[in-house]
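Student: Following is a predicted model, sequence given first.
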Amino acid sequence: SRFFLSDEFRIYTYNEKGSLRSASPPIKGSCYYRGYIDGFPSSAVTLSTCSGLRGLLQLENVSYGIEPLGYSPAFEHFVYRVRDGKAAASLLASSRPEAGPGGMTATEASGRAQGLNNSVFQPRYERKIALHLILERALYDYLGADDYVVVQKIVQVSSLLSIMFRSLNLTVTLSSVEVWMDNSMLKTTGNAEEVLAWLLQWKKTSHVLQPPAVPYLLLYRDQAAFVGTTAPGKACQSDAAGVVAVFLKGVSLESFSALLAQLLGRSLGIGYDESPQCRCPRHVCIMSPEALNFNGAKDFSSCSIRDFQTFLEQNRDCPLMRQALPQPSHHQASCGNGVVEAGEQCDCGSMEDCALDKCCTPQCLLKPGVQCSSGLCCQNCRFKRQHWQCRPAADEQCDLAEFCTGASASCPPDLYVQDGHGCEQGTGYCYKGRCQSPDLQCQQIYGRGAKNAPLACYEEVNSQQDRFGHCGNHPVDGYQPCSWPNLGCGKLVCVYPNRLPFTKMKGAIIYAHVQEHLCVSFDFMNGPTKFDPLMVKEGTKCAPGKVCLNGTCHPHSVLNYDCNVQEKCHGHGVCNNNKNCHCDLGWSPPDCESTGPFVGGSIDNPW
């Protein structure tokens with residue numbers, strides 16, 4: 001549970017007179033958790049149960065927050081989608097990847113990392129790095145000016161930071177928090193390199209910083225000339241290990257945690273994802289500039305992993321990378337923490353909670369005659385009946401609903417229609433469970449009647465290489481030009497359906513009359529170096545028999561779609577992402593050829 005909080009976690013406060021006060025955190029023990037959503041193994045959850053449920057649920061490309069509903073006598077909570085708001089500015093805008101020891105770019109590291117001993121990256125012992133976070137008075141006030149509120153937010157940021165580094169087998173722990181009510185402790189004005197130098201100088205005389213913890217100086221600014229800095233690749237050099245980060249006005253905690261992750265990554269020798277050879281297992285990876293604008297779970301790319309391998313090889317005796325017990329302590333089952341772990345049938349939490357639990361004993365065993373205690377397919381200590389829908393389809397055309405099996409408390413793995421299946425009357429393709437039709441994307445912005453613009457409009461608008469028409473953003477070079485074959489994979493251009501001007505969103509818009517069509521393009525005015533959310537989406541149909549991937553219009557065959565639904569599924573179903581038939585209601589898997597009263601689904605999840 002409190003895997004990212006040090007056992008000695010404390011808060012230090014310097015008041016206006018410079019007097020130091022030390023206190024235990026105003027939070028309960030063992031009420032912070034991380035994990036994933038049942039049935040969505042690629043998701044990430046950070047959750048606090050200290051006073052109601054509070055935290056963040058991150059799916060592949062969307063995040064949801066959960067908070068207690070204030071003054072609710074029924075202890076109600078509300079879940080809301082985290083909208084794409086202001087993001088932390090890109091580090092690439094203020095500092096380029098540095099060369100030299102520990103400061104290699106991804107391309108340099110990929111060459112050096114070949115042939116590294118795999119045990120270097122997958123050690124017998126788990127590695128830890130401890131952080132000491134310092135908040136200046138302005139940030140403390142901006143986050144709520146209350147110890148409990150501020151610490152809750154800082155712990156949430158630390159939790160998000162920790163969960164991003166788990167794929168590197170690196171546990172990031174929060175050692176302590178220091179609050180400066182008097183900013184004379186350290187000069188925090190000047191350029192990035194000057195503030196970092198002052199932080200490293202202060203580090204030598206600090207009374208509360210406990211080595212080997214790395215100091216993170218967190219500042220607040222309405223506007224700033226820089227958003228963060230660190231000495232690249234120097235995390236293992238005690239005299240050079242430190243980070244300065246700026247929390248800009250309006251930035252979300254999720255975006256700020258991504259900024260801190262990039263800074264920590266740079267100090268660990270990880271470069272930015274600028275090489276086209278960098279493979280990302282998710283929509284966006286942590287060291288990509290788009291990560292600061294992107295909601296949802298994030299991971300490290302192949303280039304980041306190679307960089308970190310090189311860093312470990314060069315810093316085998318790193319004093320700051322503490323090694324824990326042979327088995328990570330947060331992986332050891334601890335009965336009574338409310339989390340079902342290895343060797344446990346259930347976990348009802350504290351003795352008080354267990355006294356009210358009908359399914360689980362305080363010894364983390366199911367009570368006699370009980371089948372389950374939790375899960376999407378568990379109700380009143382029994383498995384829900386077969387055919388009970390536990391996860392509805394997220395997309396009517398390209399996602400598939402899941403149903404309880406009657407023999408498990410867990411909802412079956414998330415399934416969707418095989419990538420490349422046609423959707424939206426032939427205007428799009430299914431891709432990762434969503435119908436990626438440019439017509440639908442236009443309707444989501446401009447409303448009913450909008451549709452994808454003809455090629456002539458894309459030629460007119462996307463050839464301009466400006467904010468209304470381009471084929472991508474670069475953090476330094478700005479708007480990228482479009483080659484003719486890839487015009488349909490750049491900025492989304494639509495045919496506007498209305499006579500009245502478009503006023504539903506705040507931004508800039510351009511109208512162009514092309515061959516009797518009123519073409520339209522919208523800009524959120526984020527600037528040429530920021531990610532543009534109105535690009536044509538991955539997997540979108542860009543021409544007959546072609547699909548957009550990585551900004552390029554590829555032949556449809558790149559999706560490896562090989563399902564003939566008439567032959568394989570006898571016209572009564574579709575293929576799922578496991579390439580098995582998912583039969584319509586009333587038709588039996590595996591080939592949808594025979595009928596029955598309560599049949600349907602697939603061999604992966606029969607109804």
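Tutor: Okay, I see it. All of these numbers come straight from a predicted model, not from anything done at the bench. Residues are numbered from 1 along each chain as shown.
Student: from here on, contacts and neighbour counts on C-alpha atoms
Tutor: OK.
Student: element containing Glu313, please.
Tutor: Assigned by DSSP states H and E, Glu313 falls within helix 302-314.
Student: which helices and strands does that helix pack with?
Tutor: Judged by 3 or more Cα pairs under 8 Å, 6 or more residues apart in numbering; DSSP states H and E, helix 302-314 is in contact with helix 106-112, helix 118-121.
Student: Could you list the buried residues of it?
Tutor: Buried positions in helix 302-314, judged by neighbour count with 16 or more other Cα atoms under 10 Å: Ser302, Cys303, Ser304, Ile305, Arg306, Asp307, Phe308, Gln309, Thr310, Phe311, Leu312.
Student: Chain neighbours aside, what residue packs nearest to the third one?
Tutor: This means Ser304. Nearest non-adjacent residue to Ser304, counting by Cα to Cα, 6 or more residues apart in numbering: Ile270, 5.5 Å away.
Student: what sits against Lys579?
Tutor: Lys579 is in contact with Gln418, Cys563, counting by Cα atoms under 8 Å, 6 or more residues apart in numbering.
Student: picking up where we left off before, let me know the closest of the buried residues of helix 302-314 to Cys280.
Tutor: Of all those, Cys280 sits closest to Ser302, with 6.6 Å by Cα to Cα.
Student: Help me confirm that the closest one comes into contact with Pro276.
Tutor: No: using Cα atoms under 8 Å, Ser302 is not in contact with Pro276; the gap is 11.0 Å.
Student: Remind me what the helix or strand that contains Ala261 packs against, helices and strands.
Tutor: According to DSSP H and E, Ala261 maps onto helix 253-267. Counting contacts by 3+ Cα pairs under 8 Å, 6+ apart, helix 253-267 packs against helix 147-164, strand 228-230, strand 243-248.
Student: what about the residue nearest to Ser304, distance to Phe522?
Tutor: 35 Å (Cα to Cα, to the nearest Å).
Student: More neighbours: these two, which one.
Tutor: Ile270 (31 against 23; other Cα atoms under 10 Å).
Student: related to what we said a few turns ago, in the helix holding Ala261, what's buried?
Tutor: So, applying 16+ other Cα under 10 Å, buried residues of helix 253-267: 253-267.
Student: and which of these is nearest to Leu168?
Tutor: Taking Cα to Cα as the measure, Leu168 lies nearest Gly265 of those, at 10.6 Å.
Student: can you pull the contacts of the closest one?
Tutor: Residues near Gly265 by Cα under 8 Å, 6+ apart: Gly271, Met287.
Student: pLDDT score for it?
Tutor: Looking at Gly265, its pLDDT reads 94.
Student: Equivalent analysis for the one 10 residues further on, please.
Tutor: Per-residue confidence at Ser275 stands at 76 (pLDDT).
Student: count of residues packed around it?
Tutor: The tally of other residues near Ser275 (other Cα under 10 Å) stands at 11.
Student: Look up how far Thr13 lies from it.
Tutor: 44 Å.
Student: can you check Leu217 too?
Tutor: 14 Å.
Student: Also Asn580?
Tutor: Using Cα to Cα, Asn580 is found at 60 Å from Thr13.
Student: likewise Asn560?
Tutor: From Asn560 across to Thr13, the span is 59 Å (Cα to Cα).
Student: Those two: which is more packed in?
Tutor: When neighbours are counted by other Cα under 10 Å, Thr13 comes out ahead of the other of Asn560 and Thr13, with 20 against 10.
Student: Surely the more buried one is within a strand?
Tutor: Yes: assessed with DSSP: H, G, I helix; E, B strand; the rest coil, Thr13 lies in a strand.
Student: Give me the nearest residue to it, chain neighbours excluded.
Tutor: Excluding its sequence neighbours, the residue lying closest to Thr13 (Cα to Cα, 6+ apart) is Val179, at 4.7 Å.
Student: That neighbour: neighbouring residues, count only.
Tutor: For Val179, using other Cα under 10 Å, the count is 22.
Student: Gln425 too?
Tutor: Residues lying near Gln425 (other Cα under 10 Å) number 8.
Student: Now do the SS call for it.
Tutor: Classification of Gln425 using three-state DSSP returns coil.
Student: Give me the pLDDT for it.
Tutor: For Gln425, the pLDDT comes out at 94.
Student: Could you report the separation of it from Tyr416?
Tutor: Here the criterion is Cα to Cα. By it, Gln425 lies 18 Å from Tyr416.
Student: next one: Thr310
Tutor: Distance of Thr310 to Tyr416, given as Cα to Cα: 38 Å.
Student: Helix, strand, or coil at Arg34?
Tutor: Per three-state DSSP, the local secondary structure of Arg34 is strand.
Student: burial measure for it, as a count.
Tutor: Using other Cα under 10 Å, Arg34 has 21 other residues around it.
Student: Across the sheet, point out what pairs with it.
Tutor: The residues listed as beta-bridge partners of Arg34 by DSSP bridges are Thr46.
Student: That one contacts Arg54, correct?
Tutor: No: contact criterion Cα under 8 Å: Arg34 and Arg54 do not qualify, at 11.9 Å.
Student: Where in the chain is the helix or strand with the lowest mean pLDDT?
Tutor: In the chain, no helix or strand scores lower on mean pLDDT, DSSP states H and E than helix 106-112, which sits at a mean of 31.
Student: what residue lies at the spatial centre of the protein?
Tutor: For the chain, Ala297 is the residue whose C-alpha lies nearest the centre (Cα atoms, centre = their mean; 2.1 Å).
Student: Verify the stated contact: it with Ile37.
Tutor: No: shown here, Ala297 and Ile37 do not form a contact pair, counting by Cα under 8 Å, at 11.6 Å.
Student: tell me, what's touching these two both at once?
Tutor: With Cα under 8 Å, 6+ apart, Ala297 and Ile37 have common neighbours Ser43, Ala44.
Student: any shared contact partners between Arg34 and Arg54?
Tutor: Common neighbours of Arg34 and Arg54 (criterion: Cα under 8 Å, 6+ apart): Leu47.
Student: And the nearest residue to Cys519 once chain neighbours are set aside, its phi and psi?
Tutor: Spatial nearest neighbour of Cys519, excluding adjacent residues (Cα to Cα, 6+ apart): Val495 at 4.6 Å. Note on Val495: its backbone torsions stand at phi -90, psi 120 [degrees, to the nearest 10].
Student: Give me the number of neighbouring residues for Val495.
Tutor: Here the count is done by other Cα under 10 Å, and Val495 has 25 residues near it.
Student: That one and Gln441: what is the separation?
Tutor: In this view, Val495 and Gln441 are 12 Å apart by Cα to Cα.
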